[in-house]
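**Student:** Following is a predicted model, sequence given first.
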Amino acid sequence: MDVKRDILWRVYLSYLLVVVVCITIFGKAVYIQQVEGAKWRSMSDSLHQKLDEIEAERGTIYSEDGQMLSTSIPQFDIYIDFRVESLRQKNGQLFRSGVDSLSECLANLFKDQTAGQYKAMLQQAYKDEEGYFPLKKKISFREYEQLRTFPIFKLGRYKSGLIANEKTIRLNPYQMLAFRTIGLARDSNKVGLEMAYDSLLRGRNGKQFVRRIAGGATVPVDDTYEIEPETGKDIVSTIDVFIQDVTENALMKMMVQNEAQSGCAMVMETKTGKIKAIANLGKTPNGNYWENYNYAITPTEPGSTFKLVTMLSLLEDKKISLNQIVDVEHGVWKTAGQTVRDDDDTRNITTISVKKAFEVSSNVGMAKIATMGYAANPQQYLRHLKKLRIDTLTGIDLVGEKRPVIIRPGSKLWGPTTLPWMAFGYNVQVSPLQTLTLYNAIANNGKMMRPYLVSAVKEEGVLIRQFDPVVVDEKICSDQTVRQAQELLEGVCIEGTARKVFVNSPYKVAGKTGTALVANGNRGYADQIFQSSFVGYFPADAPQYTIAVIIVNKPHAVNHFGASVAGPVFKEVADRLYSTYIRAVNTQVAQAPKKDSSSFAYTGSKRDIAFINRKMGLPYADSTTRNDEWINMNGKNAFVSLSKKTVDNGKMPLLKGMGLKDAVYLCENMGLKVSVKGRGKVAAQSILPGQLIARGQLVSVELN
């Protein structure tokens, strides 16, 4: 009995201890949950949640004629959390009942897998209880909007497990057009206007709480922001899409024809200094050409276009007259153990006037008169370079403009041949933009304008800042010197090296050719690489535009003269501008305004078109039902009717009548790649409406 009692006592004691421990554990759990719950939940959140920075939408860069040159569009990465409670309740009834129709919708939208393949993929992910299953990456906003209406997903994020990570990408609708000047919006290496105006374009980033989930990924805790992101400002550039397109095509044509290495061409509005076009093309390793470097703001030895600087200096100091005779010695002159040589134009000539020496681009003539005028006091010549702003930056609103290289007396590089060689464009390095700015000052009767690329800053279409033309120097030299310089530049195009380029031209041109031998790295001048240039303005009697063309040719190129390489590019651009802008303005006849009774037709987003109609007070009849659909707008006598435009994702839609933004948006959301030519509304398309299309297919769009 004693043994039995002893055993029972131990059993009861053990049981009591177990009960006490259980009560203690239960009490502690209740205490932690009810009393310390907030503390521990806060600690959990601090470990699994963080305040993440949300990138603001970047502003848009527009051309002066209102075309988008660079803009941001949203893109989404789609994931599914198969662990959400609603998907697993009642043995997954919600998922199992909707997976077939969801798979069908996904197959129809993306067209990359069959409905059966999508179903098998979703079922496997559901079985594995994937917490962050990647469904689709880099989908457009329109695809995302459709996705949210699909079975299961339409129940919302917390019931369907749908997770959408939004990001923005930068789009250049015109692709290569002024690409280097517009720039890139890469995080670590922005260039062009994207860099120069980054503080305005980038806006202000927001803050949002996100939660860490499987795989180290994060998802938003909710749809609200701690700090709302602020969209960046829009900037309006001075670039004209038509002029840019003409300039780039003319430059490209000559570079392909001559197998050139690199080149740039710029068009400046004479009175204002606005850069209307700036093309920079370089040869890539695969033999194609691309806007890979900003050659326009990179100094090189200019060659004969620099002779204008020498003439301005000598004329201003009255050291020469245009009719003064200079001995060019049959185009060969030896000085300080070196030989200055001319091209063939002066090989049979002994003496010519200073004016003729400039027109036929005699190196000997320029070297001799510069030596005669400044050998005793080279600093006087250098002071003119300073006055003409050759020794400093132009001040254009681009980051990366490089300083000119000017050798000065007293430098170890200065020698007895420095001045004569500098007179015809060697022993000095200036950028094409600096040369363009100087020639533009002569076209502008001596008034030098600062070149610039941005004319306005806007916020949601409202002008908040405007950039006006800036006069750098009211008079770079006397009126008499300006008139003499203009006479010299016109003479080049009438009787000089450019006479064949502009013979029979309907407008007068003033300019200067240049052909410079340039060094090729450590190989020096052995490869015989020539830089061909032409800089000038037109119409010479009432200048509207100043143009610079500089092309670096391949080694040992047979055709390498400024007149035959750069000159034709200048003429092609000038011809198009003259026929499109200048002659049209001059021949325009004023007519009394009359009531507009013409019919009109547009295609676009209903939300946008309805907004415009309301703002303009136009009455319209609307047969559509939804605000987010594409519509056709037709009207006459200011009465408008709206009708639905059917868009089938598997077939090419009719783009005629759409603006560029809408056409690019619609096509890229359908997976097409878009090539654009022209400006205005869509007039033609390479894929006919109704044809079957595939993702990645290229469609060419022509604007009117």
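**Tutor:** Sure thing, it's come through.

**Student:** Give me the distance between the residue nearest to the spatial centre of the chain and E702.
**Tutor:** The centroid of the chain falls nearest to I182 when counting by Cα atoms, centre = their mean (2.6 Å). According to Cβ to Cβ, to the nearest Å, I182 and E702 sit 22 Å apart. Glycine gets a C-beta too; all of them are placed from N, C-alpha and C.

**Student:** what's the answer for G395, then?
**Tutor:** Counting by Cβ to Cβ - G395 and E702 are separated by 38 Å.

**Student:** Then W9?
**Tutor:** 102 Å.

**Student:** more neighbours, the two?
**Tutor:** Shown here are W9 and E702; by other Cβ atoms under 10 Å, E702 has more neighbours (15 against 10).

**Student:** Give me the pLDDT value at that one.
**Tutor:** On pLDDT, E702 comes in at 82.

**Student:** burial of the residue lying closest to it once chain neighbours are set aside, as a residue count?
**Tutor:** Computed as Cβ to Cβ, 6 or more residues apart in numbering, the closest residue to E702 that is not its neighbour in sequence is A684, at 4.2 Å. Neighbour count for A684, taken as other Cβ under 10 Å: 13.

**Student:** rewinding a little: check the gap between the residue nearest to the centre of the chain and N172 for me.
**Tutor:** 7 Å.

**Student:** got any residues that touch both of the two?
**Tutor:** Residues within reach of I182 and of N172 at once, by Cβ atoms under 8 Å, 6 or more residues apart in numbering, are L69, S70.

**Student:** Next one: H560 from T247, what distance?
**Tutor:** Following Cβ to Cβ, the distance that separates H560 from T247 is 21 Å.

**Student:** let me redo that: T351
**Tutor:** Relative to T247, and taking Cβ to Cβ, T351 is found at 41 Å.

**Student:** cool, and Q123?
**Tutor:** For Q123, the distance to T247 - Cβ to Cβ - is 58 Å.

**Student:** neighbour count winner among those two?
**Tutor:** Taking neighbours as other Cβ under 10 Å, Q123 and T247 compare with T247 leading, 29 against 15.

**Student:** That one sits in which helix or strand?
**Tutor:** According to DSSP states H and E, T247 maps onto helix 241-258.

**Student:** Quick one: distance of that helix to the chain centre.
**Tutor:** 17 Å (Cα atoms, centre = their mean, to the nearest Å).

**Student:** low pLDDT regions in the stretch 51-200 of the chain?
**Tutor:** 51-55, 173-176, 178, 184-190 (pLDDT under 70).

**Student:** One more pass at 90, please.
**Tutor:** Across the stretch 51-200 of the chain, residues meeting the criterion (pLDDT under 90) sit at 51-78, 80-99, 109-113, 125-149, 152-200.

**Student:** quick one, helices of it?
**Tutor:** Assigned by DSSP state H, counting those that start in this stretch, the stretch 51-200 of the chain shows helices spanning 85-88, 93-110, 115-127, 141-147, 157-160, 179-182, 192-196, 198-201.

**Student:** and of those, who's closest to N280?
**Tutor:** Taking Cβ to Cβ, helix 179-182 is the member of those nearest to N280, at 4.8 Å.

**Student:** and for that closest one, what are the contacting residues?
**Tutor:** With Cβ under 8 Å, 6+ apart as the criterion, helix 179-182 contacts 61, 69-70, 172, 191-194, 237, 239, 278, 280, 290-294, 398, 453.

**Student:** If any of those residues are buried, put those into a ChimeraX selection.
**Tutor:** The buried residues among the contacts of helix 179-182 can be selected in ChimeraX (16 or more other Cβ atoms under 10 Å) with this line:
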select :61,69,70,172,191,192,193,194,237,239,278,280,291,293,294,398,453
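
**Student:** among the helices of the stretch 51-200 of the chain, which is the most enclosed?
**Tutor:** helix 179-182 (a mean of 24; mean count of other Cβ atoms under 10 Å).

**Student:** CA atoms only for it, dumped as CSV, please.
**Tutor:** Provided in CSV are the C-alpha atoms of helix 179-182 (Å, rounded to 0.1, in the frame of the first residue of the first chain):
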residue,chain,number,x,y,z
PHE,A,179,19.0,61.3,-79.8
ARG,A,180,22.3,62.5,-78.4
THR,A,181,21.0,66.0,-77.8
ILE,A,182,17.7,64.9,-76.2
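
**Student:** Just give me how far it sits from the chain centre.
**Tutor:** 4 Å.

**Student:** pretty sure P420 is in a helix, no?
**Tutor:** Yes. P420: assigned to a helix according to DSSP: H, G, I helix; E, B strand; the rest coil.

**Student:** S579 versus that one, what's the distance?
**Tutor:** P420 is 43 Å from S579, by Cβ to Cβ.

**Student:** between these two, which one's more packed in?
**Tutor:** P420 (25 against 12).

**Student:** hmm, back to that, show me the contacts of helix 179-182 that map onto strands.
**Tutor:** Applying DSSP state E to these, the entries found in strands are I61, L69, S70, S237, I278, N280, W290.

**Student:** Which residue is the nearest non-sequential neighbour of the last one?
**Tutor:** What sits nearest to W290 in space, not counting adjacent residues and going by Cβ to Cβ, 6+ apart, is T284, at 5.4 Å.

**Student:** right, and that neighbour touches S262 too?
**Tutor:** No. With contact defined as Cβ atoms under 8 Å, T284 does not reach S262; the gap is 10.7 Å.

**Student:** more neighbours, the two?
**Tutor:** Between T284 and S262, counting by other Cβ under 10 Å, S262 is the more crowded of the two (19 against 10).

**Student:** ok, now which ones touch the more buried one?
**Tutor:** N280, L281, G282, K283, Y293, Y295, I551, V552.

**Student:** In a markdown table: the residues you listed, plus pLDDT and distance to G696.
**Tutor:** Below are the contacts of S262 laid out as a markdown table (pLDDT from 0 to 100; distance: Cβ to Cβ, whole Å):
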| residue | pLDDT | distance to G696 |
| --- | --- | --- |
| N280 | 92 | 29 |
| L281 | 92 | 27 |
| G282 | 92 | 28 |
| K283 | 91 | 27 |
| Y293 | 86 | 29 |
| Y295 | 93 | 33 |
| I551 | 96 | 35 |
| V552 | 95 | 36 |
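
**Student:** Can I get these in a markdown table including distance to P409?
**Tutor:** Output for these, formatted as a markdown table (distance: Cβ to Cβ, whole Å):
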| residue | distance to P409 |
| --- | --- |
| N280 | 34 |
| L281 | 38 |
| G282 | 36 |
| K283 | 39 |
| Y293 | 33 |
| Y295 | 30 |
| I551 | 33 |
| V552 | 30 |
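
**Student:** Could you identify the most distant pair in those?
**Tutor:** Maximum pairwise distance in the contacts of S262, criterion Cβ to Cβ, is 14.0 Å, between Y293 and I551.

**Student:** Give me the helix or strand of this protein that scores worst on average pLDDT.
**Tutor:** helix 37-48 (a mean of 56; mean pLDDT, DSSP states H and E).

**Student:** who's the residue nearest to Y144 when sequence neighbours are not counted bridged to?
**Tutor:** Once flanking residues are discounted, Y144 sits nearest to F76: 4.6 Å by Cβ to Cβ, 6+ apart. Taking DSSP bridges as the rule, F76 bridges to I139, E166.

**Student:** tell me which element C264 falls in.
**Tutor:** strand 262-269.

**Student:** Go through that strand and flag the buried ones.
**Tutor:** Per 16+ other Cβ under 10 Å, strand 262-269 contains these buried residues: S262, G263, C264, A265, M266, V267, M268, E269.

**Student:** okay if I get those residues as TSV plus distance to S361 and pLDDT?
**Tutor:** Listed next are the buried residues of strand 262-269 as TSV, based on distance: Cβ to Cβ, whole Å; pLDDT from 0 to 100:
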residue	distance to S361	pLDDT
S262	23	94
G263	20	94
C264	21	95
A265	21	96
M266	22	96
V267	24	97
M268	23	97
E269	28	96
